[in-house]
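>>> coordinates for the following, if possible.
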Amino acid sequence: MAVDPATGHEFAELPETSPELVGEMVEDAHRALNVEHDWRTPLVRAQALTRLARRIEAEERVLSELETRDTGKPLKQSKADVAATARYLEYYAGSIERLEGRQIPLGPDLLDYTVREPWGVCGQIIPFNYPLQVTARCAAPALAAGNAVIVKPSELASVTPLRFAEFAEEAGVPRGMIQVATGDGATGATLAEHPGVEHVTFVGSAATGAKVAETCARRLVPVELELGGKSPNLVFADADLDLAAAGVSTAAVFTGGAGQTCVAGSRILIEESVFDDVVDRLRGVVANVNLGDPQDPATTMGPIVSAEQLDRVRGFVEGAPADGAELICGGRVGGDVLFPTDSPFAGGYWVEPTLFRVRDQGARICREEVFGPVAVCMPFSSDDEAVALANDTHYGLGAGVWTSNLKRAHRMVRDINAGSVWVNAYRRIHWALPFGGFGDSGYGKDSGWESILENTRIKTSWIDLT
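Next comes the predicted model:
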């Protein structure tokens, strides 16, 4: 069942993919690869992905409303996600004919060259927070490289990936080349374990990612992991503090999808001399966050995706004071607390934007991914301390740096252990830029040219001309 997290009400019934049906999907994918010879032509794939991009744009209203209904994110963000979905498709459509091998000179009597080939059938397990956009981010480079794709979306948000696959077939992607397997974690496990799946992409939590990696290791199958994070935002005294407060608030997830993003900048590290000033600005930003109907353009933050996730966030918020965290603002959890009893949203999964101050980073709320609109603030007194605090985590997905000092900015980019470091900006994820983390945030890159390379394998040819 698809549930509207804003109200807690069911709104659609979804099919359950049995292990037997997963097997049939894998067989259909292999059949498509073997019989659809035209799909091996780069121009054919490029034209199909371009047509799909145009169809996504044409269906913007329907897709954005479905995305908002399924995930609870405000309609404005869902519209941006639909636009980004089309851009991913366009980018990889334009990349296909640039996927080249190279000739290696070893002498006049030898012809040696490399070619890049698709893996075959790719299983892609994606999360609930950006179902449409992440489907495109993972499937587009795989299809561009000539693979067949089976997407397993989260059982919490599967509606728009199903529509994506429908539109793909209508745009000329051959039947069987992209399929969607709906269901819970058992469906994802079946897909990762299937001997006919030759490459796996997983986007989700570090704990589940480790299990997927173990499964793939047993089968000697390559895997790409884009996992969680506990990303720092470093605010220096010389920064534009108005810009920093607005940017840090967005990074710290006090807008849009209610903090349900792997790259949430939820550890806010502030230079001691401006700590109180920045915290006051953050309070002002939080006070202006508007919770309400996600379909209403005036709404700036939506609900948590499910009752289970709401309970998890509640545990972090209620347990933080016992770990020494001091509540700065927010802290209320539940639609029944934040809305009148007669409101349609009283039964929804809502969390008030919440900010804590901590004295050290030993608290659970500083170490683990909350996946909700909850952030912590902590002061630092020097550049070295800022870097040490930023790197005091087993994650390494993203980081933000707010400063007007160019030398400091470059040093921070050099010294912070994260796959993406943004300076005077945050969470700028672009189809042309590689995205992925270090440490417990995974390995491999999605987005950018690197992603299409992840979806290919290299074959070397040696031809003796004597």
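
>>> host element of residue 161?
Residue 161 belongs to helix 159-170 when assigned by DSSP states H and E.

>>> now tell me what touches that helix from outside.
Helix 159-170 is contacted by residues 2, 12, 14, 48, 52, 55-56, 59, 62-63, 66-67, 69-70, 85, 126, 131-132, 135-136, 139, 151, 153, 175, 177-180, 182 when judged by CB atoms under 8 Å, 6 or more residues apart in numbering. All C-beta spots, glycine's among them, are computed from the backbone N, C-alpha and C.

>>> which among these count as buried?
Among the contacts of helix 159-170, those classed as buried by neighbour count (16 or more other CB atoms under 10 Å) are 2, 48, 52, 55-56, 59, 63, 66-67, 69-70, 85, 126, 131-132, 135-136, 139, 151, 153, 177-180, 182.

>>> take those and keep only those in strands.
2, 151, 178, 179, 180 (DSSP state E).

>>> please name the bridge partners of the first one.
Pointing back at residue 2 there. residue 12 (DSSP bridges).

>>> quick one: terminal-to-terminal distance for stretch 334-342?
One end of stretch 334-342 to the other measures 14 Å (CA to CA, to the nearest Å).

>>> looking at this, residue 202 is in a helix?
No. Counting by DSSP: H, G, I helix; E, B strand; the rest coil, residue 202 is not part of a helix but strand.

>>> separation between residue 141 and residue 258?
29 Å (CB to CB, to the nearest Å).

>>> other SSEs contacting the lengthiest helix in the chain?
Criterion DSSP state H: the longest helix present in the chain is helix 75-95. With contacts taken as 3 or more CB pairs under 8 Å, 6 or more residues apart in numbering; DSSP states H and E, helix 75-95 sits against helix 42-58, helix 60-71, helix 131-144, helix 448-454.

>>> so the closest residue to residue 443 other than its chain neighbours, which of the three states?
Closest residue to residue 443 apart from its sequence neighbours, by CB to CB, 6 or more residues apart in numbering: residue 225 at 5.8 Å. Assigned with three-state DSSP, residue 225 falls in the strand class.

>>> I'd say residue 225 and residue 208 touch.
No. Proximity of residue 225 to residue 208 does not meet the contact threshold set by CB atoms under 8 Å, at 9.7 Å.

>>> neighbour-wise, which of those two wins?
Neighbour count, other CB atoms under 10 Å: between residue 225 and residue 208, residue 225 has more, with 24 against 18.

>>> name the element residue 431 belongs to?
Under DSSP H and E, no helix or strand contains residue 431.

>>> ok, and the closest non-adjacent residue to it?
Per CB to CB, 6+ apart, closest to residue 431 is residue 91, 4.3 Å.

>>> what stretches of the stretch 251-400 of the chain score poorly on pLDDT?
Scanning the stretch 251-400 of the chain for pLDDT under 70 picks out the ranges 252-256.

>>> now the helices for it?
Using DSSP state H, counting those that start in this stretch, the helices of the stretch 251-400 of the chain run over residues 275-287, 307-319, 335-338, 364-367, 383-390.

>>> so which elements touch the fourth one?
Spelled out, that is helix 364-367. Short answer (3+ CB pairs under 8 Å, 6+ apart): helix 364-367 packs on helix 307-319, strand 374-380.

>>> and the contacts of it?
With CB under 8 Å, 6+ apart, helix 364-367 has contacts from 230, 267, 316, 319-320, 323, 325, 356, 358, 360-361, 374, 376, 378, 393.

>>> how close does the closest residue to residue 90 other than its chain neighbours sit to residue 83?
Spatial nearest neighbour of residue 90, excluding adjacent residues (CB to CB, 6+ apart): residue 53 at 4.8 Å. Separation of residue 53 from residue 83 (CB to CB) stands at 10 Å.

>>> and these two? Which one has more around it.
residue 53 (23 against 14).

>>> any regions of the stretch 1-150 of the chain where pLDDT drops low?
In the stretch 1-150 of the chain (pLDDT under 70), no residue qualifies.

>>> mind redoing it with 80?
Across the stretch 1-150 of the chain, residues meeting the criterion (pLDDT under 80) sit at 1, 12.

>>> follow-up on the earlier one: show me the contacts for the residue nearest to residue 90.
So residue 53 contacts 86, 87, 89, 90, 93 (CB under 8 Å, 6+ apart).

>>> do you know how far it is from residue 92?
Counting by CB to CB, the gap from residue 53 to residue 92 is 9 Å.

>>> who's in contact with the nearest residue to residue 226 once chain neighbours are set aside?
With sequence-adjacent residues excluded and distances taken as CB to CB, 6+ apart, residue 226 is closest to residue 203, at 4.6 Å. Contact analysis of residue 203 by CB under 8 Å, 6+ apart lists 125, 126, 127, 134, 138, 226, 227, 262, 446.
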